[in-house]
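> Sequence and predicted structure are below.
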Amino acid sequence: MRRAGAGRAGLLAAAGLLPFAAVVVLFLLIPTVVVVVGALSDDGRPSLSGLTAFGDPTVLRAFARSTWLSASTAAIGAVVGALVAYAVATGAPDGVLRRVVTSACGVLAQFGGVTLAFAFIATLGVSGVVTLWLRDALGVDVFANGVWLFDMPGLVLVYTFFQVPLMVIVFLPALDGVRPQWREATVTLGGSTWQYWRHVGGPLLAPAFGGSALLLFANAMSAYATAAALVSQGAPIVPLQIRAALTSEVLLGRADLGQTLALGMVVVVVAVMVAQALLQRRTSRWVAGSAR
């Protein structure tokens, strides 16, 4: 009877996973297979000719810009987000500050696309609220031309807006796993705050910090909607190059180029996520050990 009950429970659990499995297959596995097959074939025949696109200077520049954009926003978001997460972790576990910050970060981390682009244009654009206030009240025209907002500097600022709250969400559990007793033990043994962070807290949190930063890198590398809404002319980063290859009215029949670029994005994101998973596994070990 117990075996039969366990078997039914297993079947019910598997049935509950079916909707998730269907979403993964339809929106992750099948598109990935289509991209890989399309990039590695020519008129239905296996071919590596499409990979020659990675020798195009325009494509290389796009990948370089995407890498720089992802790395810079991941670094800024990781540092600022870690500091905010640390401030939250040192407060009361059930305090108002923690609830407000975590709720706000949950919303802001998902705030993107046309809405986020419009918010920055309305704030820092040529006729933005802050731009007009600086000009009329202080006589400062630093944002007068507004061109920077629609180029790489603007993308860095806008991407950082959702990278910081994402870092707070993913790094806060690691900070919660750091026990106060470890710092007390360091002080008891005559260690300073610097020695604690150098020899205890820093090494323990380094895998979690690195894994979170890699997650931010992958998040920025694959982001599309915000950049597409903000940059209407040109394609400075890879996602916008893919859009241009698939929808351009000037360069027709370049869907193969879009699939090749998408394959490059898949390879980069998969490599980053594998590294992030390895670091996350290491982090989970000491977090589980600290909970015992």
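Yes, it's here.

> Could you use CA atoms for every contact and neighbour count after this?
Will do.

> Show me what the longest helix seen in the chain packs onto, helices and strands only.
Selection of the longest helix in the chain by residue count, based on DSSP state H, yields helix 255-290. Counting contacts by 3 or more CA pairs under 8 Å, 6 or more residues apart in numbering; DSSP states H and E, helix 255-290 packs against helix 30-39, helix 202-222, helix 238-247.

> Adding distance to Leu138, write those out as CSV.
Converted to CSV, the helices and strands packed on helix 255-290 look like this (distance: least, CA to CA, whole Å):
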stretch, distance to Leu138
helix 30-39, 52
helix 202-222, 35
helix 238-247, 37
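
> To Gly77, which of the ones you listed lies closest?
helix 202-222 (7.6 Å; CA to CA).

> Show me what the closest one packs onto, helices and strands only.
helix 57-89, helix 152-176, helix 255-290.

> any idea of the mean pLDDT in that helix?
The average pLDDT for helix 202-222 rounds to 90.

> Which residues does the next helix or strand after it contact?
Next along the chain after helix 202-222, taking DSSP states H and E as the criterion, comes helix 225-230. Residues lying outside helix 225-230 but in contact with it, judged by CA atoms under 8 Å, 6 or more residues apart in numbering, are 112-114, 116-118, 150, 155, 240.

> which among these end up buried?
Among those, those buried by neighbour count (16 or more other CA atoms under 10 Å) are 112-113, 116-118, 150, 155, 240.

> Between which two of those is the distance greatest?
Among the buried ones among the contacts of helix 225-230, Phe118 and Leu240 lie farthest apart (CA to CA), at 18.1 Å.

> what kind of secondary structure is Pro93 in?
Pro93 falls in the coil class when you classify it by DSSP: H, G, I helix; E, B strand; the rest coil.

> since we're on it, how many residues are nearby?
Residues within reach of Pro93, counting by other CA atoms under 10 Å, total 12.

> so what pLDDT did it get?
So Pro93 comes in at 79 (pLDDT).

> ok, now the one 4 residues further on?
At Leu97, the predicted lDDT confidence score is 86.

> Count the neighbours of Leu189 for me.
Around Leu189 there are 9 other residues, counting by other CA under 10 Å.

> Could I get the contacts of helix 225-230 in CSV, plus columns for secondary structure and pLDDT?
Output for the contacts of helix 225-230, formatted as CSV (DSSP: H, G, I helix; E, B strand; the rest coil; pLDDT from 0 to 100):
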residue, secondary structure, pLDDT
Gly112, coil, 80
Gly113, helix, 81
Val114, helix, 84
Leu116, helix, 89
Ala117, helix, 89
Phe118, helix, 89
Phe150, helix, 83
Leu155, helix, 92
Leu240, helix, 90
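
> Can you pick out the most distant pair from those?
With distances taken as CA to CA, the most widely separated pair in the contacts of helix 225-230 is Phe118 and Leu240, at 18.1 Å.

> Return the member of the buried ones among the contacts of helix 225-230 nearest to Gly16.
The closest of the buried ones among the contacts of helix 225-230 to Gly16 turns out to be Gly112 (CA to CA; 30.5 Å).

> how near is the nearest residue to the closest one once chain neighbours are set aside to Leu155?
Spatial nearest neighbour of Gly112, excluding adjacent residues (CA to CA, 6 or more residues apart in numbering): Thr226 at 5.6 Å. Distance, Thr226 to Leu155, using CA to CA, to the nearest Å: 9 Å.

> can you check Ala227 too?
7 Å.

> where does the stretch 101-250 of the chain have low pLDDT?
Within the stretch 101-250 of the chain, the segments meeting pLDDT under 70 span 140, 142-146, 248-250.

> 90 instead, please
Applying pLDDT under 90 to the stretch 101-250 of the chain flags residues 107, 109-118, 120-154, 173-174, 176-208, 211, 222-225, 228-236, 241-250.

> from the contacts of helix 225-230, which single one is nearest Phe63?
The closest of the contacts of helix 225-230, once distances to Phe63 are taken by CA to CA, is Leu240, at 10.9 Å.

> Now for the residue lying closest to that closest one once chain neighbours are set aside, how many residues are close by?
Spatial nearest neighbour of Leu240, excluding adjacent residues (CA to CA, 6+ apart): Ala228 at 6.6 Å. Neighbourhood size, Ala228 [other CA under 10 Å]: 17.

> returning to that earlier point: which stretch among the helices and strands packed on helix 255-290 comes nearest Leu97?
helix 202-222 (22.3 Å).
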